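> coordinates for the following, if possible.
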Amino acid sequence: MPRTKSAETRARILKAATRRFGETGYHATSIGDLATDLGMGHGTFYRYFKNKREIFQVIVDDVPKRLRSLLMTERPDAADSLEAYRAQVGRIARRVFELLGDGPDELADVAHIIFVEAYGVDAELRGHVERGLALLATMTAAYLDNGVERGFLRRDLDVAVTASAINGMVIAGVRSLARSGRDGDAEQLLTSWSSAVTRLMFDGIGRPDSAATPGR
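Presented below is the predicted three-dimensional model:
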């Protein structure tokens, strides 16, 4: 179904707010700034949101909703081999980037909002972020559980700790993207982090021939 004009206006406000909050920060952004960016009056703005904080919370709360939608399209039990799981991880990584932002610049803005700005607003918003991260850990653990059960991951794998470790690497990459912002090469940064995390997960960091050539 086509979106109504009201829904389109609300989406425009959220997109503009994501860019503003990502570029200049929550506290340095005013309703007036957003209204100017969109070319609309303050009165029109308040038909959709009560205040700046409500807009910010909608943006923060949207992230776990998008992650849940990803879970519905990539089933944890879909992979039946290590090769299939590696391919699945690659798809998930790319889809996470696509879900969280319309291109590298918007992803950088969302990353800055979630991992920098949200922690400086209030305790309630910090709680929203932490619940989203807990959801991500639960999702990651489900994929690992599948690998253990099917036998293509180690039987002695500590699933909960490993899931947290993997998520820690992903979050570090997202934070790096948030710090680089629009001034950095976001696409290259995404590629580098995706490749590094995947190689650590499946290949480790030792040289393939290190056991055969000690001391080199």
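
> scan this structure for its longest helix.
In the chain, assigned by DSSP state H, the helix with the most residues is helix 123-150.

> report all helices and strands that the lowest-mean-pLDDT helix or strand in the chain contacts.
When the helices and strands of the chain are compared on mean pLDDT, DSSP states H and E, helix 104-112 comes out lowest with a mean of 77. The helices and strands touching helix 104-112, judged by 3 or more Cβ pairs under 8 Å, 6 or more residues apart in numbering; DSSP states H and E, are helix 5-24, helix 82-100, helix 159-180, helix 186-202. From N, CA and C alone the C-beta is placed, and that goes for glycine too.

> show me what the first one is packed up against.
In other words, helix 5-24. Against helix 5-24 (3+ Cβ pairs under 8 Å, 6+ apart) you get helix 31-38, helix 52-73, helix 104-112.

> before we move on, back to that, okay if I get the helices and strands packed on helix 104-112 as JSON lines plus distance to L34 and mean pLDDT?
Putting the helices and strands packed on helix 104-112 into JSON lines (distance: least, Cβ to Cβ, whole Å; pLDDT from 0 to 100) gives the following:
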{"stretch": "helix 5-24", "distance to L34": "6", "mean pLDDT": "89"}
{"stretch": "helix 82-100", "distance to L34": "21", "mean pLDDT": "80"}
{"stretch": "helix 159-180", "distance to L34": "20", "mean pLDDT": "82"}
{"stretch": "helix 186-202", "distance to L34": "23", "mean pLDDT": "81"}
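
> out of these, which comes closest to F49?
With Cβ to Cβ as the measure, helix 5-24 is the member of these nearest F49 (6.9 Å).

> follow-up on the earlier one: in the longest helix of the chain, what counts as buried?
Buried residues in helix 123-150, counting neighbours by 16 or more other Cβ atoms under 10 Å, are found at 125, 128-129, 132-133, 135-136, 139-141, 143-147.

> and for stretch 164-171?
By neighbour count, and taking 16+ other Cβ under 10 Å as the criterion, the buried residues in stretch 164-171 are S164, I166, N167, V170, I171.

> ok, now which ones touch the third one?
Same thing as N167. Contacts were defined as Cβ atoms under 8 Å, 6 or more residues apart in numbering; by that measure N167 touches L133, L136, A137, T140.

> can I get those residues in JSON lines with distance to R95 and pLDDT?
As requested, the contacts of N167 are exported to JSON lines (distance: Cβ to Cβ, whole Å; pLDDT from 0 to 100):
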{"residue": "L133", "distance to R95": "18", "pLDDT": "83"}
{"residue": "L136", "distance to R95": "13", "pLDDT": "82"}
{"residue": "A137", "distance to R95": "18", "pLDDT": "87"}
{"residue": "T140", "distance to R95": "14", "pLDDT": "89"}
